[in-house]
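Asks: Kindly generate the corresponding structure for this input.
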Amino acid sequence: MVSGGEIGAERAALDFAMANSIRHFGFCGSGRPSEDGRIPLRYTVIETESQGLSEAIFLNVSASDGTILFEPMPQGLSLRSTLTIASCQRTRRPVLTLQSYFDAEADGRQLASFLTTLRPSSLHITGRSESEARGIHEHVLTVLRLVPITAAPRVKALIGLHPGGPKSIRNPAPGRRDLQDGCGKLQ
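Replies: Next up, the predicted model:
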């Protein structure tokens, strides 16, 4: 799970990963800036040289196989969303924009379809801040719970679509790919 942890949707992704023993990491601006002050040290994020958004966003997109963008606001894309989409285009990484803010099941269905098609070994999650979209943290958690991303023993994580909710998978089905140990695709 890749996420910078700076805002509501990203913090939810990291909280979900930690609650489900899924390795997580991400890049954030210098000084660990966040909407509520500083990103807490319990999150495994790496500070970039700049305090700006673009470097961290590009690195998070580059370190994953695909991006999920929670963009529920009808009045247009935020700067973060615009930079994320541009980074996905530049790196040729797929992006799924989820816009059903008040309908977690609709977002869950779209996410399930995306994951089934892509079968990523690492996933970047980003989106709006809590101040821009009240309740986005809880919405992202709900969507991720509907389409579980689970960890198997020894902290190798698998993306699994389980109708019964999160489960530990001991013998993955053929064709499934393990999320990478450590820090995604950093080389």
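Asks: Might one say that residue 114 is in contact with residue 66?
Replies: Yes: counting by C-beta atoms under 8 Å, residue 114 touches residue 66, with 7.2 Å between them. For glycine as for every other residue, the C-beta is placed from the backbone atoms N, C-alpha and C.
Asks: Looking at these two now, which is surrounded by more residues?
Replies: Neighbour tally, residue 114 and residue 66, criterion other C-beta atoms under 10 Å: the higher count belongs to residue 66, 22 against 19.
Asks: Roughly how far does residue 26 sit from residue 106?
Replies: Distance from residue 26 to residue 106, counting by C-beta to C-beta, to the nearest Å: 26 Å.
Asks: ok, those two, which is more surrounded?
Replies: Counted by other C-beta under 10 Å, residue 26 and residue 106 do not tie: residue 26 has more neighbours, with 30 against 14.
Asks: Sheet-wise, list the partners of the helix or strand hosting the more buried one with their directions.
Replies: Using DSSP states H and E, residue 26 maps to strand 26-28. If you go by DSSP bridges, strand 26-28 pairs up with strand 45-47 (parallel).
Asks: Average pLDDT for the partner strand, rounded please.
Replies: Regarding strand 45-47, the rounded mean pLDDT is 96.
Asks: pLDDT at the residue sitting nearest the centre point of the chain, what is it?
Replies: Note on the chain: the residue nearest the mean C-alpha position is residue 125, at 1.9 Å, using C-alpha atoms, centre = their mean. Each residue has a pLDDT score; the one for residue 125 is 97.
Asks: What residues does it make contact with?
Replies: 1, 2, 3, 9, 10, 12, 13, 67, 68, 70, 140, 144 (C-beta atoms under 8 Å, 6 or more residues apart in numbering).
Asks: The same query, at a cut-off of 10 Å, please.
Replies: Neighbouring residues of residue 125 by C-beta atoms under 10 Å, 6 or more residues apart in numbering: 1-4, 9-10, 12-14, 16-17, 24, 26, 60, 64, 66-70, 98, 111, 140, 143-144, 149.
Asks: Look at it and give its secondary structure.
Replies: strand (DSSP: H, G, I helix; E, B strand; the rest coil).
Asks: intersection of neighbour lists for residue 114 and residue 66?
Replies: Overlap of the contact sets of residue 114 and residue 66 (by C-beta under 10 Å, 6+ apart) consists of 94, 95, 96, 120, 123.
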